[in-house]
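In: how does the following fold in three dimensions:
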Amino acid sequence: MRWIVRSGLILIALTAVRAAVRSSPPPPLPVPAASSIVIPVAGACLDHVRSEFNDWRGNHRHHALDILAPRGTPVVAATDGRIRKLLTSRAGGLTIYEFDPTQTLVYYYAHLDHYAAGLQEGDEVRAGDVIGYVGTTGNAPPNTPHLHFAIGVLPPGKQWWKGQAIDPYPILRDHGVAAEAGPIAR
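Out: Numbers count the residues shown, from 1 in each chain. Alright, predicted model coming up:
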């Protein structure tokens, strides 16, 4: 009989702990350290962009922002950082992963038509530097050139593909500045 009472008390305690953990709000996600962030398509403004972060794309959430622009429009670094990975993937096509200087955040630029001349992994970039050009590579509709732009919090192992997604729309809305194409990244 004692073991039944003891088991019941343990079950009640575990249920209370689970309830407390579930009701705790998640910690706030970091946002870019700079007081402003560059809208990553040269000449773009957010007047015709809507938040699509939680929209469904097939069987997954979008977790990004699509910025439509004519094919070949310069894509610029949203913030100071380092080019971590240049990659061609089935979904994203020609992509760039940029880490911020603290290696806390990763910025993802996808569906590029081509990279800026001479751009290489490891290059340091400044906000506004040209890093690529708007296109439709990967699974982008061929007649809808755009930049697929995402921000993520890097995990401890710095795996750029495993970052926890942050909605870029409110960050760009509240802190974004339009940029004309800056110097080409080297």
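
In: so where do the helices sit in the chain?
Out: Assigned by DSSP state H, the chain shows helices spanning 2-23, 168-175.

In: could you report the separation of P141 from T104?
Out: 33 Å (Cβ to Cβ, to the nearest Å). C-beta coordinates here come from the backbone N, C-alpha and C atoms, glycine included.

In: got the contact list for stretch 133-140?
Out: When contacts are defined by Cβ atoms under 8 Å, 6 or more residues apart in numbering, stretch 133-140 is touched by residues 41, 69-75, 88-95, 110-116, 142-148.

In: same check, this time on stretch 149-156
Out: With Cβ under 8 Å, 6+ apart as the criterion, stretch 149-156 contacts 29-30, 32, 40, 63-67, 78, 99, 103-110, 160, 162-166, 168, 171.

In: so for it, mean pLDDT?
Out: Per-region confidence: stretch 149-156 scores 91 on mean pLDDT.

In: also stretch 76-92?
Out: 94.

In: mean pLDDT lowest where, among the helices of the chain?
Out: Mean pLDDT per stretch puts helix 2-23 lowest among the helices of the chain, at a mean of 49.

In: avg pLDDT for the longest strand along the chain?
Out: Criterion DSSP state E: the longest strand present in the chain is strand 105-115. Average pLDDT, strand 105-115: 96.

In: other SSEs contacting it?
Out: Packing partners of strand 105-115 (3 or more Cβ pairs under 8 Å, 6 or more residues apart in numbering; DSSP states H and E): strand 81-89, strand 93-99, strand 130-134, strand 146-153.
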